[in-house]
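Participant: Task: produce atomic coordinates for the following.
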Amino acid sequence: MRYKSNVVPPRGGRQRNSHPTLENEEPLAKPQGVAASEVVPATGGPIITHAYKEVAIQKAIGWFSTYLSTERENYYPLGHALRSEWRSLMDGYFEPALLDQVRVAELLDRRLQNPWFYPQAKQQGIRHLPDMTHKAAVTFLDVIVFNGKIESRDLFHGLVHVAQVNVMGVSEFTDLFVRGFLTARSYFLAPLKAHAFGLDGRFAANPGVRFSVENEVRDFWRRGKY
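Facilitator: Have a look, this model is predicted:
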C-alpha cells in the first residue's frame with residue numbers, strides 16, 4: 001500500500017515530551033538563508049528578528065516531506081492495525097476510514113533516530129529541532145511509531161496528525177508545518193503541533209466525551225489558524 005501524498009480523502013505522528021519545555025532551545029544565530037533586522041521596543045535595547053528566505057523555506061519543506069514519506073514506507077511493513085481496545089477507545093473521535101487506514105508500530109528494543117537532514121538544517125540556521133529518541137511517538141503520515149508501548153494520549157495525539165494530513169493533503173501539511181515551526185521558532189508552538197496538544201488535552205480531561213477531530217482540523221484550516 002502506498003500513501004497518496006496529494007489526495008484529500010472524500011470525507012475529509014506523547015508525540016511530545018512528557019513536559020514540553022523551551023529550556024533547551026538554542027539561540028538563533030544569523031546563518032545562511034536568514035535575513036536579520038532590528039526592531040526597537042518601547043523600552044530596552046533592540047530585538048533581533050529573523051526572516052527565512054523563501055529558498056531556505058522550500059528546502060526545509062522538501063527535507064521534511066521526504067523524511068515523512070521515506071519513514072512511512074520503512075515502518076509501514078512493521079506496523080499493524082489498531083487492536084480492538086484501541087479502536088474502541090478512539091471510535092467517535094475519528095472517522096472509521098481513518099481508524100481503518102492507520103498503522104502503529106512499537107519499538108521495544110530500539111528507538112527512533114533523528115532525521116538525516118538535521119546537520120544541514122542547523123547549517124542553515126534552523127534551531128529548536130526535536131530529539132526523536134526522546135519522544136514517545138512520531139507520526140509518519142498514516143503510520144504512528146512509538147518509542148516503546150502505546151499509551152492512549154500519545155495514540156490520540158498521533159491520530160490528530162493523521163487527520164491533519166488526511167484533511168489537507170501531504171503537500172499542504174508539510175508546507176504549513178515547516179512555516180509554522182520557523183515562524184514560532186519552537187516545535188511545540190508550531191500551530192499544527194500546538195493544536196494537536198490542545199486536542200489531546202481535551203481528550204484526556206474529558207474521557208468519553210466524543211468530538212470530531214476531523215471537524216476541528218477542517219475548522220482551523222479554513223480559518224487560517226494553521
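Participant: and Val209, what helix or strand is that in?
Facilitator: Using DSSP states H and E, Val209 sits within no helix or strand.
Participant: Share the number of residues neighbouring Gly148, please.
Facilitator: Number of residues near Gly148 (other C-beta atoms under 10 Å) recorded here: 12. Where C-beta positions appear, they are placed from N, C-alpha and C, glycine not excepted.
Participant: scratch that, Tyr76
Facilitator: By the criterion of other C-beta under 10 Å, Tyr76 has 17 neighbours.
Participant: do Met168 as well
Facilitator: Count around Met168 with other C-beta under 10 Å applied: 22.
Participant: And for Trp86?
Facilitator: Neighbour tally, Trp86, other C-beta under 10 Å: 18.
Participant: got it, and Glu172?
Facilitator: Glu172 has 16 neighbours, counted by other C-beta under 10 Å.
Participant: What helices and strands are in contact with the helix or strand containing it?
Facilitator: Per DSSP H and E, Glu172 falls inside helix 170-184. With contacts defined as 3 or more C-beta pairs under 8 Å, 6 or more residues apart in numbering; DSSP states H and E, helix 170-184 has these neighbours: helix 54-75, helix 152-168, helix 191-205.
Participant: need the contact list for Ala121.
Facilitator: Contacts for Ala121 (C-beta atoms under 8 Å, 6 or more residues apart in numbering) come out as Ala60, Trp63, Leu129.
Participant: closest to Leu155 among these?
Facilitator: Set against Leu155, the nearest of these by C-beta to C-beta is Leu129 (23.9 Å).
Participant: So that closest one versus Ser152, what's the distance?
Facilitator: Using C-beta to C-beta, to the nearest Å, one gets 27 Å for the distance from Leu129 to Ser152.
Participant: now do Arg110
Facilitator: For Arg110 relative to Ser152 (C-beta to C-beta), the value is 23 Å.
Participant: Please identify which of the two sits among more neighbours.
Facilitator: Taking other C-beta under 10 Å, Arg110 and Ser152 do not tie; Ser152 has more neighbours (15 against 8).
Participant: thinking that one is in contact with Ser88, fair?
Facilitator: No. Look at Ser152 against Ser88 with C-beta atoms under 8 Å: they stay out of range, at 11.3 Å.
Participant: Pick out the residue nearest the middle of this protein.
Facilitator: For the chain, the residue nearest the mean C-alpha position is Lys193 (5.3 Å; C-alpha atoms, centre = their mean).
Participant: Pull the number of nearby residues for the residue nearest to it when sequence neighbours are not counted.
Facilitator: Nearest non-adjacent residue to Lys193, counting by C-beta to C-beta, 6 or more residues apart in numbering: Tyr187, 6.3 Å away. By other C-beta under 10 Å, the residues close to Tyr187 number 21.
Participant: Relative to His128, how far out is the residue lying closest to Ala60 once chain neighbours are set aside?
Facilitator: Spatial nearest neighbour of Ala60, excluding adjacent residues (C-beta to C-beta, 6+ apart): Val178 at 5.1 Å. Using C-beta to C-beta, Val178 is found at 13 Å from His128.
Participant: the more surrounded of those two?
Facilitator: A side-by-side neighbour count of Val178 and His128, using other C-beta under 10 Å, places Val178 first with 23 against 19.
Participant: Check the more buried one and give its pLDDT.
Facilitator: The model reports Val178 with a pLDDT of 97.
Participant: Quick check, it in contact with Gly62.
Facilitator: No. Using C-beta under 8 Å, Val178 is not in contact with Gly62, being 9.3 Å away.
Participant: got the buried residues for stretch 158-175?
Facilitator: 158-170, 172-175 (16 or more other C-beta atoms under 10 Å).
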